[in-house]
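Q: next one to model:
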Amino acid sequence: MIINSPEKCLCCFGKPIKRDSHILINGKPKKLTVRLEKHHIQYFPEVIAHVHDFCHVKIHEGKYPHLIQYNKGDSKKFWGENKTSEVWVHKR
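A: The predicted structure follows:
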């Protein structure tokens, strides 16, 4: 289950952010919208929230403890069972 829109961060309620990229168009850096990341609040049953990358770091630093509702080892168990799932890179 996904509990919020990919257009609004569940932590700070902000929209996806525009950042300068390394792509040049007509000699100028192009601003690209960076999508929100998916964060697992729970693995079993699966509950996902969309958050900014910097908010995701704050979640794992303990600033939003209510957004971690899984047991140690659930991540490895989940990803081991879901090898065909969407490819996703955890930043930590």
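
Q: what's near enough to touch the spatially most central residue of the chain?
A: Among the residues of the chain, the one closest to the centroid is residue 37, at 2.3 Å (CA atoms, centre = their mean). Counting by CB atoms under 8 Å, 6 or more residues apart in numbering, residue 37 touches 50-53, 56, 91. Where C-beta positions appear, they are placed from N, C-alpha and C, glycine not excepted.

Q: for beta bridges, what are the partners of it?
A: residue 51 (DSSP bridges).

Q: so how far is residue 29 from it?
A: Distance, residue 37 to residue 29, using CB to CB, to the nearest Å: 23 Å.

Q: follow-up on the earlier one: of the contacts of residue 37, buried ones?
A: 50-52, 56 (16 or more other CB atoms under 10 Å).

Q: just the closest of the residues you listed to residue 33, please.
A: Residue 33 has its nearest neighbour among the buried ones among the contacts of residue 37 in residue 52, at 11.9 Å by CB to CB.

Q: and for the helix or strand of the chain with the lowest mean pLDDT, what's in contact with it?
A: The helix or strand with the lowest mean pLDDT-type score in the chain, counting by mean pLDDT, DSSP states H and E, is strand 17-25 (a mean of 75). Under the contact criterion CB under 8 Å, 6+ apart, strand 17-25 has outside partners 29-34, 52.

Q: that strand pairs with which strands?
A: Applying DSSP bridges, one finds strand 17-25 paired with strand 28-34 (antiparallel).

Q: thanks a lot, catch you later.
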